[in-house]
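Asker: Coordinates only, no sequence provided:
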């Protein structure tokens with residue numbers, strides 16, 4: 001499958017967004033279940049306004065999605081691709097480093 005420059009640029013933007021430790025923690029906090037901003041801020045030890053700022057960027061990039069329930073808005077990973085990618089990368093980090101093995 002040919003990879004176009006536009007796709008590479010969009011992918012780089014996604015990695016740039018997820019490359020920020022705070023934003024990555026925000027995404028990881030809502031992988032298992034939908035979470036409101038206030039609970040997310042409390043879990044992460046951050047202000048609600050900072051979490052909201054990061055969520056706006058992540059939502060615009062379709063990394064998270066929002067769902068209103070009454071007066072609260074709950075955030076979750078946008079889809080299985082996002083949660084699967086993060087899970088796969090965490091598994092990769094847990095693997096032995098493989099030094100000394102042939103490619």
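Answerer: Here it is on my side, so go on. Note that this is a predicted model, so its numbers are computed, not measured.

Asker: contacts and neighbour counts: CA atoms only from here.
Answerer: Will do.

Asker: The residue positioned nearest the centre of the chain in helix, strand or coil?
Answerer: The centroid of the chain falls nearest to residue 27 when counting by CA atoms, centre = their mean (3.5 Å). Classification of residue 27 by DSSP: H, G, I helix; E, B strand; the rest coil places it in helix.

Asker: for it, what are its contacts?
Answerer: 63, 64, 76, 77 (CA atoms under 8 Å, 6 or more residues apart in numbering).

Asker: 6 Å instead?
Answerer: Neighbour list for residue 27: empty [criterion: CA atoms under 6 Å, 6 or more residues apart in numbering].

Asker: what's the spacing between it and residue 6?
Answerer: Distance from residue 27 to residue 6, counting by CA to CA, to the nearest Å: 24 Å.

Asker: Not including adjacent chain positions, what is the nearest residue to residue 29?
Answerer: residue 40 (6.8 Å; CA to CA, 6 or more residues apart in numbering).

Asker: what helix or strand is that neighbour on?
Answerer: helix 37-44 (DSSP states H and E).

Asker: what does that helix contact?
Answerer: With CA under 6 Å, 6+ apart as the criterion, helix 37-44 contacts 47, 48.

Asker: can you list contacts of the following helix or strand past it?
Answerer: As assigned by DSSP H and E, the chain's next helix or strand after helix 37-44 is helix 48-60. Contact with helix 48-60 is made by 23, 38, 41, 64, 65, as judged by CA under 6 Å, 6+ apart.

Asker: let's see it at 8 Å
Answerer: Outside helix 48-60, the residues that reach it (CA under 8 Å, 6+ apart) are 17, 23, 26, 37, 38, 40, 41, 64, 65, 66.

Asker: on that earlier part again, I'd like to know the average pLDDT value across the helix holding residue 40.
Answerer: Over the span of helix 37-44, the pLDDT mean works out to 97.
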